[in-house]
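J.: Build me a model from this:
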Amino acid sequence: MPFDGLFVNNHLLSWVARDSAKPGRNHPANNRETWLLHASSEWSEAHIEDDAETVAALMLAAFIELGGEMPQTYTSHSWRYAECVDYLKLGCVWDADLQLGLCGDWLNGGKVQGAWLSGQLLAKKLLQIN
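T.: Next up is the predicted model:
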């Protein structure tokens, strides 16, 4: 496929990523392509009680529609509490009295970019300390 990651945003898939393209993931002896498929929150909620094989078959069919190939092997896992309804929108937390800071995706939107931005915000607060 001509991409390593793609926001799909259809009713089923929300994100697909070529895991083997991440630094350090593709060992020369392995030389296999691996993909990570994420279902959308809405679809996942509607299918939370479906068995893993049914969910995997539907997700793989959606992946194939994007141009992917049927994998030789696959696993399916449901993170029942992976997405919360409302993430905190604090960016980060800094308690000057305790000299304690908190950062992470859970404070800034729930995605990896939210985690990175949260860390950046906390770093700026730390740099402002005399």
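J.: For the chain, give me the ranges with low pLDDT.
T.: Residue ranges of the chain with pLDDT under 70: 21-31, 81-86, 130.
J.: per-domain residue ranges of it.
T.: Taking automatic domain parsing as the domain assignment, the ranges for the chain are 5-65, 92-127.
J.: what residues are up against residue 122?
T.: In this structure, residue 122 makes contact with 92, 94, 101, 102, 103, judged by C-beta atoms under 8 Å, 6 or more residues apart in numbering. Backbone N, C-alpha and C define where each C-beta goes, glycine included.
J.: quick one, what contacts the most centrally placed residue in the chain?
T.: Ranked by distance to the mean C-alpha position of the chain (C-alpha atoms, centre = their mean), the top residue is residue 111 at 6.3 Å. Residue 111 makes contacts with residue 105, as judged by C-beta under 8 Å, 6+ apart.
J.: Backbone dihedrals for it, please?
T.: Here the main-chain torsion angles of residue 111 (degrees, to the nearest 10) amount to phi -110, psi 170.
J.: What are the buried residues along the lengthiest helix in the chain?
T.: Assignment by DSSP state H gives helix 112-127 as the longest helix of the chain. Of the residues in helix 112-127, those with enough neighbours to count as buried (16 or more other C-beta atoms under 10 Å) are 114, 115, 117, 118, 119, 121, 122, 125.
J.: just the strands in the protein please.
T.: 5-7, 13-18, 35-39, 92-95, 100-103 (DSSP state E).
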